[in-house]
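Visitor: I need the structure of the sequence given here:
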Amino acid sequence: MNTEEKNSKLLPATLLAALIGLLLGSIPAVAGVLIANMIFYPLFAAAPLIMLLFNSLLGGERGARALIVFIVFSLLSAYLGAVACQVAFYVIRDSISVFRIPVIITMVFGISGVLPASASAYVYPLVFTALGVAVAAELNKNQC
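Guide: Residues are numbered from 1 along each chain as shown. Model (predicted):
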C-alpha cells in the first residue's frame, strides 16, 4: 500500500475528529456565558485543540490535509460558537423559555443575512480560534 492510499484511508477519521471538535468546541464558550453571564473569548481556542485530540485518538491523518480540515472546521466552530453565545445571552437576559430558542436564533441571524447584525461580535472569536489553530498546527507538526 503506497502513502497516498494510506492517507486516503486516514481522511475519514480526520473528518470525524473535526466534526466532534466542531460539536464539542463551542460548549466551553457557551458554558462560560451560562455560568458567568459573559463571554470568555480564550475558550474559542478549545475547538481546534479538541479536533487535534480526537484526531490523535482516532488515528487520523497528520500533515497539511489535516491542518486544512482543522482550519475549515475551526472557522465554522467559531461562527457557530459566537451565534450560540449570543443566543445564550438573549435567553438569560430575557428569561426566555427553551421553546422560544428558534425564534431567538432567527433574530440573531436577521431576516435575510447570514451574519448577525453586529458582525464585530466575530472578531475576538476568530482571533482566539486562529490562536487555537496555530497551537494545534504546532502540536500536529511535533507528532509527525
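
Visitor: report the buried residues of stretch 57-69.
Guide: For stretch 57-69, the neighbour count (16 or more other Cβ atoms under 10 Å) marks 60-62, 66-67, 69 as buried. All C-beta spots, glycine's among them, are computed from the backbone N, C-alpha and C.

Visitor: may I have it as CSV, with CA atoms only?
Guide: C-alpha atoms of stretch 57-69 as CSV (Å, rounded to 0.1, in the frame of the first residue of the first chain):
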residue,chain,number,x,y,z
LEU,A,57,-7.4,9.2,19.4
LEU,A,58,-9.0,8.1,16.2
GLY,A,59,-5.7,7.7,14.4
GLY,A,60,-6.4,10.3,11.8
GLU,A,61,-4.1,11.9,9.3
ARG,A,62,-1.3,14.2,10.3
GLY,A,63,0.0,16.7,7.9
ALA,A,64,-1.1,19.5,5.6
ARG,A,65,-4.5,18.0,4.7
ALA,A,66,-5.4,17.5,8.4
LEU,A,67,-4.4,21.1,9.0
ILE,A,68,-6.7,22.3,6.2
VAL,A,69,-9.6,20.3,7.6
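
Visitor: other residues contacting it?
Guide: Under the contact criterion Cβ atoms under 8 Å, 6 or more residues apart in numbering, stretch 57-69 has outside partners 7, 10-11, 13-18, 54-55, 133, 137, 140, 143-144.

Visitor: what helices and strands are in contact with the lowest-mean-pLDDT helix or strand in the chain?
Guide: Here the helix or strand of the chain ranked lowest by mean pLDDT, DSSP states H and E is helix 101-109, holding a mean of 74. Contacts defined by 3 or more Cβ pairs under 8 Å, 6 or more residues apart in numbering; DSSP states H and E place helix 101-109 against helix 64-94.

Visitor: let me know the angle separating the helix it packs on from helix 101-109.
Guide: Interaxial angle of helix 64-94 relative to helix 101-109 (axes from the mean of the first three to the mean of the last three Cα atoms, to 10 degrees): 110 degrees.

Visitor: list the buried residues in helix 64-94.
Guide: Within helix 64-94, the residues that count as buried by 16+ other Cβ under 10 Å are 66-67, 69-71, 73-91.

Visitor: residue ranges with poor pLDDT in the chain?
Guide: Filtered on pLDDT under 70, the chain yields the residue ranges 1-8, 108-121, 143-144.
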